[in-house]
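In: Sharing a model that was predicted from the sequence below.
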Amino acid sequence: MTIRTLDALGDVAGARVFLRADLNVPLHDGAVTDDTRIEAVVPTARELLERGARLVMASHLGRPNGTVVDDLRLAPAGRVLAERLGVPVTSVDEVTPGSLPDDDVILLENLRFDPGEQANDVSFAGALAEYADAYVDDAFGAVHRAHASVAALPELMLASGRAAVAGRLVEREVGVLGRLLEDPRRPFVAILGGAKVSDKLGVIASLTDRVDALVIGGAMAFTLIAAEGGKVGASLVEEDRIKDVHRALATAQRRGVPVHIPVDVVAARAIEADAPTEVVSAAEIPEGLMGLDIGPATIASFTQALAGAGTILWNGPMGVFELEPFAEGTRAIAQACGASDAFTVVGGGDSLAAIKRDGLAGAFDHLSTGGGASLEFLEARRLPGLAILEDDA
């Protein structure tokens, strides 16, 4: 797809630009613990400032569901943003204040404090539109949401003759993920992990049309193993998805796409850092034990499946990587991807957190900031936040 970008914005010197960012960052005791998403919007914000624009920035944070939640205020993100930009950022404590300070960078309060955001309310979007002469969306992680700041607001801007374009992050995400859809370097291998297979059935179906191999780990793999008659002990299984998994596996087989699933796992009775562990067959997990990471034979098998790949897409960890006894599978896959000569793309908050923790972020060609958005894009869905930015020329 072709979208309008900053290159189509024209002269913005002295203009107010509404910059929809993704500052949905993790907080602990009022401090940002991972600034990846803040760093991602800096190039667009800096370019606009250098072009003379004054910014009204906005984002959601967490799920306050239309009410004010003090622990989800954006001021901590604003402080980090100011450090990264090297200019003052004025955080206001309202989503739609009656008037704005005359500062170069203003950060509105958490958009989801107002119920109109998630309802895609036109009146709420209209209140936001009053603040700006132009609109820039650089929140790729939110483009799959039909929310006011993502859909109704840019529509209003365009209807009133004001510009609505994508920032550099959204432009780059669309370019990279579009390449995976349209012209990936072969062989193309996709690695999927995480907890629930239901979250990724759509992308599995889409990817079987495009990839040369699928590698599936994490808890979602146990539904596949159970579907094939394996005994998975107390591991997570989505029983209501067994038939869907059967269909997905049959489709992959029909299209000649091998699906690699775990052959062994690191199992324990509890998800605890000091829980006794043992390596067992993935299809013969004893009662009471649950698989919490892929085992050494699976690591070797998955690594072999990645050998010689031309493109690797990875979304989702291989186990409970937050606890060291169950972190090795995710770490090993990250290392294998990082050492590959393939074009490597990683997405999803947990995968990004894992590779950043292990100092491997620099080994990947592209870090996608949109977990759900990335997956829905790869399902070739029409995403509200991108559809409004499509270039009709």
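Out: Right, received. Where do you want to start?
In: contacts and neighbour counts: CA atoms only from here.
Out: OK.
In: wait, what's in contact with G193?
Out: For G193, the contact set (CA atoms under 8 Å, 6 or more residues apart in numbering) comprises I216, G217, G218, A219, M220, A221, N315, G316, P317, M318, G319.
In: same thing with F377?
Out: With contact set as CA under 8 Å, 6+ apart, F377 has these partners: L177, L383.
In: which SS class is it?
Out: Secondary structure assignment for F377 (DSSP: H, G, I helix; E, B strand; the rest coil): helix.
In: how far away is V89 from L306?
Out: Between V89 and L306 the distance is 44 Å, computed by CA to CA, to the nearest Å.
In: repeat for L23
Out: Here L23 is placed at a distance of 33 Å from L306 (CA to CA).
In: and what of I388?
Out: Relative to L306, I388 is positioned 37 Å away (criterion: CA to CA).
In: now swap in V68 and tell me
Out: In terms of CA to CA, V68 sits 46 Å off from L306.
In: out of the two, which sits in the busier spot?
Out: For V68 versus L306, the count of surrounding residues by other CA atoms under 10 Å is larger for L306: 24 against 17.
In: isn't the more buried one right up against A190?
Out: No - counting by CA atoms under 8 Å, L306 stays clear of A190, with 9.1 Å between them.
In: any residues in contact with both of those two?
Out: Both L306 and A190 are in contact with I312, where contact means CA under 8 Å, 6+ apart.
In: which residues in the stretch 201-350 of the chain form helices?
Out: Across the stretch 201-350 of the chain, reading from the start of the chain, the helices by DSSP state H, counting those that start in this stretch fall at 201-207, 221-227, 242-254, 296-306, 328-339, 349-357.
In: Surely V12 is in a strand?
Out: No - the assignment for V12 by three-state DSSP gives coil, which leaves it out of any strand.
In: quick one: contacts for it?
Out: L48, R51, G52, A53.
In: again, but for S99
Out: S99 makes contact with no residue under the criterion CA under 8 Å, 6+ apart.
In: What of I38?
Out: Residues in contact with I38 (CA under 8 Å, 6+ apart) are D22, L23, V25, A77, V80, L81.
In: Any idea how many residues pack against the first one?
Out: Residues near D22, counting by other CA under 10 Å, number 23.
In: so it, which of the three states?
Out: Here D22 is recorded as coil under three-state DSSP.
In: And the third one, by the same measure?
Out: The assignment at V25 comes out as coil when based on three-state DSSP.
In: from here on, count from 214
Out: In the new count, where the first residue is 214, that last one comes out as V238.
In: That one contacts S272, correct?
Out: No - with contacts counted by CA under 8 Å, V238 stays clear of S272, the gap being 10.3 Å.
In: okay, and for the stretch 214-363 of the chain, where does confidence drop off?
Out: Under the criterion of pLDDT under 70, none of the stretch 214-363 of the chain is flagged as low confidence.
In: count of residues packed around A488?
Out: Number of residues near A488 (other CA under 10 Å) recorded here: 12.
In: what does G521 give?
Out: 14.
In: Do I have it right that it meets P400?
Out: Yes - distance between G521 and P400: 7.4 Å, which falls inside the contact criterion (CA under 8 Å).
In: is it true that A440 touches D453?
Out: No - if you go by CA under 8 Å, A440 and D453 don't touch, sitting 10.8 Å apart.
In: Compare these two and say which is more crowded by neighbours.
Out: Neighbours per residue (other CA under 10 Å) separate A440 from D453, with A440 holding more: 20 against 10.
In: which residue sits closest to that one, ignoring its sequence neighbours?
Out: Residue nearest to A440 in three dimensions, not counting chain neighbours: I455, with 5.5 Å by CA to CA, 6 or more residues apart in numbering.
In: burial of the one you found, as a residue count?
Out: As a measure of burial, I455 has 19 neighbours, counting by other CA under 10 Å.
In: mind checking pLDDT for it?
Out: I455 is assigned 92 on the pLDDT scale.
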